[in-house]
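Chemist: Build me a structure from this.
(2 chains)
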Amino acid sequence: MNRNWLFVLIAGVLEIFWVSGLKHADNSLEWIVTITAIATSFCLLTYASKSLPVGTLYAVFTGIGTAGTVLAEMVVFGEPFNMYKIIFIATLLCGVVGLKILSSSKETTEMEVKGG
Amino acid sequence: MTWLALIAAGGFEVVGVLNVKRLGEKQKNALYYMIFCFGLSFLLLSYAMTEIPMGMAYDIWTGIGTIGSALLGMLLFSEPKDWKRLACIGVILFSAVGLKLVA
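Modeler: Numbers count the residues shown, from 1 in each chain, chains lettered A, B, ... in the order given. I've put the predicted structure just below:
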């Protein structure tokens, strides 16, 4: 995997933590972790924005954050499971993977990535 | 008033995202603009949520941010206008909106 995409994925995963933190943090240590996660995820985004289109980047970042937060609420914080949520998470992942495939086929024109 | 705040929150989010890009290009002051815009955007969003239901407010906010940054990316930074790319962004947006509405 290309390094910029890896950074966007890590930024998205950190977003899950800081969104949960904003909602559930209740002591200073948890707030410090939350704020560090916010800062780190934006640093990674900034770095990745040098080589990835900012529209793509932001869609993927918000997408991972939203899907992950809904999953975290279900798995960690005991929100009820719902089939529709799972379906939307699946379609969202299709969008993210699609963007990834489109951008990697552009970066490696000589190798012509097939399928997808 | 809360609707106006929500739309403004979306607008500041887009400007914040543009500053993420400018910061990547090492432009001066982009960091301060970015922090200011996202900060203001979150404040306005949380104010909007006092009257507008949370799921709906979040959806509109994400929608403005995602569509806005894709559009401005194409207009200002001449990013690819490939329809497949736009379709994928659309799918992500549709799913994010759907997730918040059923959650």
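Chemist: Surely B:Leu23 and A:Ala48 touch.
Modeler: No: the criterion here is CB atoms under 8 Å, and B:Leu23 misses it with A:Ala48 at 11.4 Å. In this view, the C-beta of every residue, glycine as well, is placed from N, C-alpha and C.
Chemist: For the two, indicate the residue with more neighbours.
Modeler: A:Ala48 (26 against 23; other CB atoms under 10 Å in any protein chain shown).
Chemist: quick one, what contacts the more buried one?
Modeler: A:4-5, A:7-8, A:11, A:57, B:24 (CB atoms under 8 Å, 6 or more residues apart in numbering or on different chains).
Chemist: Can you flag which of those belong to strands?
Modeler: Among these, no residue falls in strands (DSSP state E).
Chemist: Count the neighbours of B:Asp82 for me.
Modeler: The burial count for B:Asp82: 13, using other CB under 10 Å.
Chemist: Ramachandran coordinates for it?
Modeler: Main-chain dihedrals, B:Asp82, degrees, to the nearest 10: phi -50, psi 130.
Chemist: Against A:Gly55, how distant is it?
Modeler: 11 Å (CB to CB, to the nearest Å).
Chemist: Around chain A, pick out the residues from chain B.
Modeler: Proximity of chain B to chain A, by CB under 8 Å from any CB of the partner chain, involves residues B:17-18, B:20-21, B:23-25, B:34, B:62, B:65-66, B:69-74, B:77, B:79-80, B:82, B:84-85, B:87-96, B:98-100, B:102-103.
Chemist: Show me what from chain A comes close to chain B.
Modeler: So far as CB under 8 Å from any CB goes, chain A lies against chain B at A:42, A:45-50, A:53-60, A:62-63, A:66-67, A:70, A:73, A:79, A:82, A:84-85, A:88-89, A:91-92, A:94-96, A:98-99, A:102, A:106.
Chemist: re earlier: drop anything exposed from the residues of chain B next to chain A.
Modeler: B:17-18, B:20-21, B:23-24, B:34, B:62, B:65-66, B:69-70, B:72-74, B:79-80, B:85, B:88-93, B:95-96, B:98-100, B:103 (16 or more other CB atoms under 10 Å in any protein chain shown).
Chemist: Output the longest helix belonging to chain A.
Modeler: Longest helix in chain A by number of residues, with DSSP state H as the criterion: helix A:83-107.
Chemist: Could you list the alpha-carbon positions for stretch B:32-46 in PDB?
Modeler: In PDB, the C-alpha atoms belonging to stretch B:32-46 read as follows (Å, rounded to 0.1, in the frame of the first residue of the first chain):
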ATOM      1  CA  TYR B  32      -3.900  28.900  12.200                       C
ATOM      2  CA  TYR B  33      -6.600  29.200   9.600                       C
ATOM      3  CA  MET B  34      -7.200  25.500   9.800                       C
ATOM      4  CA  ILE B  35      -7.500  25.400  13.600                       C
ATOM      5  CA  PHE B  36      -9.700  28.500  13.600                       C
ATOM      6  CA  CYS B  37     -12.000  27.200  10.800                       C
ATOM      7  CA  PHE B  38     -12.400  23.700  12.300                       C
ATOM      8  CA  GLY B  39     -12.900  25.100  15.800                       C
ATOM      9  CA  LEU B  40     -15.500  27.600  14.700                       C
ATOM     10  CA  SER B  41     -17.100  24.800  12.600                       C
ATOM     11  CA  PHE B  42     -17.500  22.500  15.600                       C
ATOM     12  CA  LEU B  43     -18.800  25.300  17.800                       C
ATOM     13  CA  LEU B  44     -21.500  26.200  15.200                       C
ATOM     14  CA  LEU B  45     -22.300  22.500  14.700                       C
ATOM     15  CA  SER B  46     -22.800  21.900  18.400                       C
END
